[in-house]
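Q: sequence first, then the predicted structure:
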Amino acid sequence: MSLAKRIIPCLDVDNGRVVKGVKFVEIRDAGDPVENARRYNQEGADELTFLDITASSDDRDTMVHVVEDVAREVFIPLTVGGGIRELADIRRMLNAGADKISINTAAVFKPEFVAEAADKFGSQCIVVAVDAKRVSTEGEPGRWEIFTHGGRKPTGIDTLEWVRKMDAYGAGEILLTSMDRDGTKIGFDNELTRAVSEAVRVPVIASGGVGNLQHLADGILRGKADAVLAASIFHFGEYRISEAKAFMRTQGIEVRDD
Amino acid sequence: MQTIAVVDYGMGNLRSVVNALEVVTQDRDRVVLTADPQQVLGADRVVFPGQGAAGDCMRAIDEYALREAIIAAAGQRPFLGICMGMQVLIEHSEENQGTACLGILEGQVKYFGDDHRDQGGAKLKVPHMGWNRVAQARSHPLWQSIEDGSRFYFVHSYYLEVTDPDLVAGVTDYGFAFSSVIARDNLFALQCHPEKSADAGLQLLRNFVNWDGQL
């Protein structure tokens, strides 16, 4: 086995600035997206994910420019998500230099959108972002439901059924966020990650809850994720990507060296 | 000033390819994104990228009337195929219930399968996505200053099997060893994305823009 497990820093972008909130409140400014991207690239990040959390759609153009600026100097895969509703949104971000587009809410309201997008642009660039919340009680077998609107609105959709459907519709990858864990720094929901990873053919990125390097390693070892995504532990300089990789290597996980 | 044509036939995001070429040429050369067969034939070197499905790619090549120009360029001048731009150089792909391709190279493109596993029996995800090693199967000017076994970024569900083993210039392991790089005379083609492979990828593109097409 020589395919490396990926470490992906995630940058939430609001009006052209990187920000980080805890459970969608307490937004803190974490700087310029291009500078952040440059630094992560130098530290050995395997990919970068940008989530546009700008509330107003009038400001979407700002995100296009952010992607253009980053793509001009950072030569690793770039994923862009947030507010993607139409094929034209995807086209615009790909033209700006994004490699993959993450679709979240739009997929829930119109699953065919994922099939159309995969058909038009290829599965390799379509990531389906899944926000899941545990609905089983302790002692019961794990059961998770899909939520929208930052974890506030339940949909009644079972997560495992949903990811199988998205796989069949042509998603190239699943970005899985545990809404119970997001922002908590107590680690991924590894039971959820593992269940999803085993349910689909495509790679799964674990997200939500990372507070230390052991959590990243556990996402791979226990969650069976193909990649791990984190934001705050990297943004505020707690850990460097290179430290994360060195740690993962000590845990027997294959990572990209440089 | 030389001209580098990046063949744009509507298959995928070529912005990154152009960005990366502009960085490695330091704007000394002209990088042209083009669907015009005459421009492809007139360029000093040709980059042939591509993403998506083989069937769509072949249809697009013919819609833009690029078939002859691509075949001619691949036989004449420094030519770099990337990802789907590598796969369609072959005779036939399994994708889309079977797709006849350009036939520049003898062989087949095959699917990893829905139940792809490693030698230990563990399930492998398809697409093969992420950073994997490329073992240099033989020396080549495009490997200059790139360490053997360097990692490149891959994303694909189908892989190439060429008839002539002498054409294999790079090998990658994913469940089994497959030919990730092919080279013949002036032609060099990779399954991975050098424009997304950080320093190793940029070095490969730098080697390509300086290559005279000789071995």
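A: Looks like it arrived, so ask away. Because the structure is predicted, anything quoted here is derived from the model rather than measured.
Q: got the residues of chain A near chain B?
A: A:1-6, A:41, A:46, A:71-73, A:75-77, A:94-99, A:121-125, A:172-173, A:198, A:201-204, A:226-227, A:256-258 (Cβ under 8 Å from any Cβ of the partner chain). From N, CA and C alone the C-beta is placed, and that goes for glycine too.
Q: in chain B, what residue lies closest to chain A?
A: Per Cβ to the nearest Cβ, residue B:52 is where chain B lies closest to chain A, at 3.8 Å.
Q: got a list of what the closest residue to residue B:179 other than its chain neighbours touches?
A: Nearest residue to residue B:179, sequence neighbours excluded (Cβ to Cβ, 6 or more residues apart in numbering or on different chains): residue B:168, at 4.6 Å. Counting by Cβ atoms under 8 Å, 6 or more residues apart in numbering or on different chains, residue B:168 touches B:137-138, B:162, B:179, B:181-182.
Q: are any of those buried, and which?
A: B:137, B:162, B:179, B:181-182 (16 or more other Cβ atoms under 10 Å in any protein chain shown).
Q: what two of the contacts of residue B:168 are the furthest from one another?
A: B:138 and B:162 (13.5 Å; Cβ to Cβ).
Q: centre-most residue in chain B?
A: Nearest residue to the geometric centre of chain B (Cα atoms, centre = their mean): residue B:82, 2.2 Å.
Q: now for residue 161, how many residues are close by?
A: Let's take chain A. By the measure other Cβ atoms under 10 Å in any protein chain shown, the count of residues near residue A:161 is 11.
Q: not quite, go with chain B.
A: Residue B:161 has 13 nearby residues by other Cβ under 10 Å.
Q: what strand or helix carries it?
A: Using DSSP states H and E, residue B:161 sits within strand B:158-162.
Q: output the contacting helices and strands for that strand.
A: Packing partners of strand B:158-162 (3 or more Cβ pairs under 8 Å, 6 or more residues apart in numbering or on different chains; DSSP states H and E): helix B:84-87, strand B:90-93, strand B:105-111, strand B:176-184.
Q: doesn't residue B:12 lie inside a strand?
A: No: applying DSSP: H, G, I helix; E, B strand; the rest coil, one finds residue B:12 to be coil, outside a strand.
Q: for residue A:106, see how far away the residue nearest to residue B:179 is.
A: 43 Å (Cβ to Cβ, to the nearest Å).
Q: chain A contacts on chain B?
A: B:12-13, B:15-16, B:19-20, B:23, B:51-53, B:114, B:118, B:122-133, B:151, B:153-157, B:172-174, B:195-199, B:201-202.
Q: kindly write the PyMOL command that selects the buried subset of the residues you listed.
A: Only the buried entries of the residues of chain B next to chain A go into this PyMOL selection, using 16+ other Cβ under 10 Å:
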select buried, chain B and resi 12+13+15+16+19+20+23+51+52+53+124+125+126+127+128+129+130+131+132+133+151+153+154+155+156+157+172+173+174+195+196+197+198+201+202
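Q: what is the burial count for residue A:8?
A: Using other Cβ under 10 Å, residue A:8 is surrounded by 24 other residues.
Q: which SS class is it?
A: From three-state DSSP, the assignment for residue A:8 is strand.
Q: quick check, it in contact with residue A:206.
A: No: under the criterion of Cβ atoms under 8 Å, residue A:8 makes no contact with residue A:206, lying 9.8 Å away.
Q: now the common contact residues for these two.
A: Shared contacts of residue A:8 and residue A:206, counting by Cβ under 8 Å, 6+ apart, come down to A:227-229.
Q: between these, which is closest to chain B?
A: Among the shared contacts of residue A:8 and residue A:206, and counting by Cβ to the nearest Cβ, the member closest to chain B is residue A:227, at 7.1 Å.
Q: if I pick residue 70, what's in contact with it?
A: You didn't say which chain, so I picked chain A. Here residue A:70 is in contact with A:33-34, A:37, A:48, A:50, A:78, A:97 (Cβ under 8 Å, 6+ apart).
Q: other chain: chain B
A: Counting by Cβ under 8 Å, 6+ apart, residue B:70 touches B:7, B:40, B:46, B:48, B:61, B:102.
Q: for the helix or strand containing the second one, which helices and strands make contact with it?
A: Element membership of residue B:40, judged by DSSP H and E, is helix B:37-42. The elements that helix B:37-42 packs onto, with contact taken as 3+ Cβ pairs under 8 Å, 6+ apart, are strand B:3-7, helix B:67-76.
Q: how much space is there between the residue nearest to the centre of chain B and residue B:114?
A: On the measure of Cβ to Cβ, residue B:82 and residue B:114 end up 26 Å apart.
Q: where along the stretch 151-258 of chain A do the strands fall?
A: Shown for the stretch 151-258 of chain A, the strands assigned by DSSP state E, counting those that start in this stretch span residues A:153-158, A:173-178, A:204-207, A:227-230.
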